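J.: quick one, fold the following:
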Amino acid sequence: MLKLFSFLSVAGLSAKALANPACAVCTVAIGASLSIARKLGVKDEVVGVWAGALFAILGYWLMRWFDKKGWHFAHRDGLLMTLSLASIGFVYMGDLNYNPILFLGFLYIDSFLFAFLIGAIGFIGGMKFYEWMKAHNGGHAHFPFEKVVVPVLTVFILSLLFHYYPTFGCIGGL
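T.: Numbering: from 1, shown residues only. Predicted coordinates:
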């Protein structure tokens with residue numbers, strides 16, 4: 001494991017830096033933390049928030065790959081993001097069982113899936129908020145790595161909310 005981590009670190013440092021909506025380091029960190037979190041007994045809702053952010057990053061990478069290939073068509077970005085987020089269904093084919101609960105009196109949804117969607121929306125919102133802040137600062141970031149800090153901080157705050165205020169324990173019966 002140490003050899004693999006060392007190899008990936010050296011390979012990442014030697015790679016050419018490109019403008020990217022989500023860095024590879026963030027993607028690997030989120031992916032690794034999901035596995036660790038479940039083993040440590042972290043709530044599924046918190047894991048779901050981070051999984052949503054991870055799948056949103058993968059959606060952005062898919063859009064970037066389509067840009068490189070020159071594949072452009074109507075509603076492409078929305079379709080690719082939807083496809084990326086919908087791939088969470090494969091998780092339910094494996095270990096996770098779908099247990100929908102009545103939410104807000106009309107919506108039947110699984111707590112993990114709900115947290116997943118909130119995490120994806122939060123991550124995308126954090127990226128949009130960064131772009132807005134940068135545009136209102138003359139096209140410059142306020143501090144180094146602001147592009148990474150704002151979306152990750154957004155997801156972190158959401159995960160704290162899901163940890164300390166369980167969504168389905170008190171709202172599920174309304």
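J.: isn't residue 153 right up against residue 125?
T.: No: the pair residue 153 and residue 125 does not pass the contact test of C-beta atoms under 8 Å, sitting 11.6 Å apart. C-beta here means a position set from N, CA and C on the backbone, and glycine is covered the same way.
J.: in terms of neighbours, single out the busier of the two.
T.: Neighbours were counted for residue 153 and for residue 125 using other C-beta atoms under 10 Å; residue 125 has more, 16 against 12.
J.: how about the more buried one, nearest residue that isn't a chain neighbour?
T.: Nearest residue to residue 125, sequence neighbours excluded (C-beta to C-beta, 6 or more residues apart in numbering): residue 154, at 6.5 Å.
J.: can you check residue 58 too?
T.: Counting by C-beta to C-beta, 6+ apart, the residue nearest residue 58 is residue 84, at 5.0 Å.
J.: so that neighbour makes contact with residue 62?
T.: Yes: counting by C-beta under 8 Å, residue 84 does reach residue 62; the two are 5.7 Å apart.
J.: neighbour count for these two, which is higher?
T.: Higher neighbour count among residue 84 and residue 62: residue 84, with 20 against 17, using other C-beta under 10 Å.
J.: quick one: residues contacting the more buried one.
T.: Residues in contact with residue 84 (C-beta atoms under 8 Å, 6 or more residues apart in numbering) are 55, 56, 58, 59, 62.
J.: my read: the residue nearest to residue 125 touches residue 128, true?
T.: No: look at residue 154 against residue 128 with C-beta under 8 Å: they stay out of range, at 10.1 Å.
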